[in-house]
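K.L.:
can't give you the sequence, but here's the structure:
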């Protein structure tokens, strides 16, 4: 029997992507949709040939829903995910898990109590360049790591302005470029650093004068002096995805701008092969549900991600040193 899914809201820009993946996956089918915007939800449900429920509780009471895809406003995650867990539904959710660590704790406790799978959409964790970089670090080719810098940007707030207006509402998003797009470089930086930093600073810009930041940098400092630099932007349409790792014995770069990985350990640069990704987060979620397993690393990084976002956002509210 296929895994029967419900989509919980089409608020997030990635919700249609997950609906497509679920429709195309041979082991899943979409049976129901709930949305806080009834008109939007009903239209999406009709497109998918699924039932629409204006009431979340009614949907979660259905016997033909085994799991849910949570793509509602970030600030509603705690309420929606804990309700799904209490109903015994496995949960695949868009990042971040929740805006605060206290809410994350409620969510994980609810999932643990019900024994359901809980997995975050952290796609770059499973990409081939991440696998290759982890091997370089494990082999010690860079020596002692001194700097990790990762940048991810798009132009969704400039030009045609394709990013939906509700992505600028702090009551729904809990933030802007960093908590949305910057999640990806943040969890990768945390992964490559190998531990949580001792301090985080954040500097946010409001180029388009929205209520949330559209330009952001966070700096992670570890106790041994190693630094992580995370950059995210909604106002840079041609900025390439970039990874840099520097150590006492070498450097590695990926992107800038072609998707190539180059390593230098003293004798010039050489290109490293980038293996294929290990699967999409959605595919891996379906596999974990089928096997009765959990992606412990995914959840641990998701919890650290919220802690880092909270710290960077809190620091960004300080005015800094005036010049």
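P.N.:
Structure received. Here the structure is a predicted model, which means the values were calculated and not measured.
K.L.:
Partner strands of the helix or strand hosting residue 270, with direction?
P.N.:
Secondary-structure assignment from DSSP states H and E places residue 270 in strand 269-272. Using DSSP bridges, strand 269-272 pairs in its sheet with strand 261-264 (antiparallel).
K.L.:
contact partners of the partner strand?
P.N.:
Here strand 261-264 makes contact (CB atoms under 8 Å, 6 or more residues apart in numbering) with 129, 132-133, 136, 141, 250-254, 269-274. Yep, even glycine has a C-beta here, placed from its N, CA and C like the rest.
K.L.:
Can you list the buried residues in that strand?
P.N.:
Of the residues in strand 261-264, 261-264 count as buried by neighbour count, 16 or more other CB atoms under 10 Å.
K.L.:
would you list those residues in JSON lines and tack on pLDDT and distance to residue 121?
P.N.:
Output for the buried residues of strand 261-264, formatted as JSON lines (pLDDT from 0 to 100; distance: CB to CB, whole Å):
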{"residue": "261", "pLDDT": "98", "distance to residue 121": "24"}
{"residue": "262", "pLDDT": "98", "distance to residue 121": "29"}
{"residue": "263", "pLDDT": "98", "distance to residue 121": "29"}
{"residue": "264", "pLDDT": "98", "distance to residue 121": "33"}
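K.L.:
Would you reformat those residues as JSON lines and include distance to residue 199?
P.N.:
Listed next are the buried residues of strand 261-264 as JSON lines, based on distance: CB to CB, whole Å:
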{"residue": "261", "distance to residue 199": "30"}
{"residue": "262", "distance to residue 199": "31"}
{"residue": "263", "distance to residue 199": "29"}
{"residue": "264", "distance to residue 199": "29"}
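K.L.:
low-scoring stretches of the chain, by residue?
P.N.:
Applying pLDDT under 70 to the chain flags residues 319-323.
K.L.:
Tell me where it has helices.
P.N.:
With DSSP state H as the criterion, the chain has helices at 15-24, 38-48, 56-60, 77-86, 101-114, 128-138, 170-173, 177-180, 183-193, 281-291, 296-316.
K.L.:
Tell me which of the ones you listed is the most buried.
P.N.:
Greatest average neighbour count among these goes to helix 177-180 (a mean of 28), per mean count of other CB atoms under 10 Å.
K.L.:
Pretty sure residue 155 sits against residue 208.
P.N.:
No: Residue 155 is not in contact with residue 208 according to CB atoms under 8 Å; the separation is 10.7 Å.
K.L.:
any shared contact partners between those two?
P.N.:
Joint contacts of residue 155 and residue 208 (CB under 8 Å, 6+ apart) are 234-235.
K.L.:
and of the contacts of strand 261-264, the nearest to residue 77?
P.N.:
residue 129 (28.4 Å; CB to CB).
K.L.:
can you pull the contacts of the closest one?
P.N.:
Neighbours of residue 129 in contact, by CB under 8 Å, 6+ apart: 243, 254, 259, 261, 274.
K.L.:
run the last query once more with 6 Å
P.N.:
Residues near residue 129 by CB atoms under 6 Å, 6 or more residues apart in numbering: 254, 274.
K.L.:
Relative to residue 150, how far out is it?
P.N.:
11 Å (CB to CB, to the nearest Å).
K.L.:
Could you do residue 36 as well?
P.N.:
33 Å.
K.L.:
Looking at the two, which one has more neighbours?
P.N.:
Counted by other CB atoms under 10 Å, residue 36 and residue 150 do not tie: residue 150 has more neighbours, with 25 against 17.
K.L.:
out of everything not next to it in sequence, what's closest to that one?
P.N.:
Spatial nearest neighbour of residue 150, excluding adjacent residues (CB to CB, 6 or more residues apart in numbering): residue 185 at 3.5 Å.
K.L.:
contacting residues around that neighbour?
P.N.:
Under the criterion of CB under 6 Å, 6+ apart, the contact list for residue 185 reads 150, 152, 230.
K.L.:
count of residues packed around the second one?
P.N.:
Other residues lying near residue 152 total 24 when counted by other CB under 10 Å.
K.L.:
gap between it and residue 217?
P.N.:
Per CB to CB, residue 152 is found 12 Å from residue 217.
K.L.:
same thing with residue 180?
P.N.:
For residue 180, the distance to residue 217 - CB to CB - is 15 Å.
K.L.:
Residue 215 is in contact with residue 206, isn't it?
P.N.:
No: look at residue 215 against residue 206 with CB atoms under 6 Å: they stay out of range, at 7.5 Å.
K.L.:
Report the separation between residue 194 and residue 62.
P.N.:
As judged by CB to CB, residue 194 and residue 62 stand 43 Å apart.
K.L.:
neighbour count winner among those two?
P.N.:
Using other CB under 10 Å, the more surrounded residue of residue 194 and residue 62 is residue 62, with 16 against 12.
K.L.:
nearest residue to the more buried one other than its sequence neighbours?
P.N.:
Residue 62 sits nearest to residue 32 (CB to CB, 6+ apart), 6.1 Å away.
K.L.:
so what's the closest residue to residue 235 other than its chain neighbours up against?
P.N.:
Using CB to CB, 6+ apart and skipping the chain neighbours, the partner closest in space to residue 235 is residue 207 (4.7 Å). Shown in contact with residue 207 (CB under 6 Å, 6+ apart): 214-215, 235.
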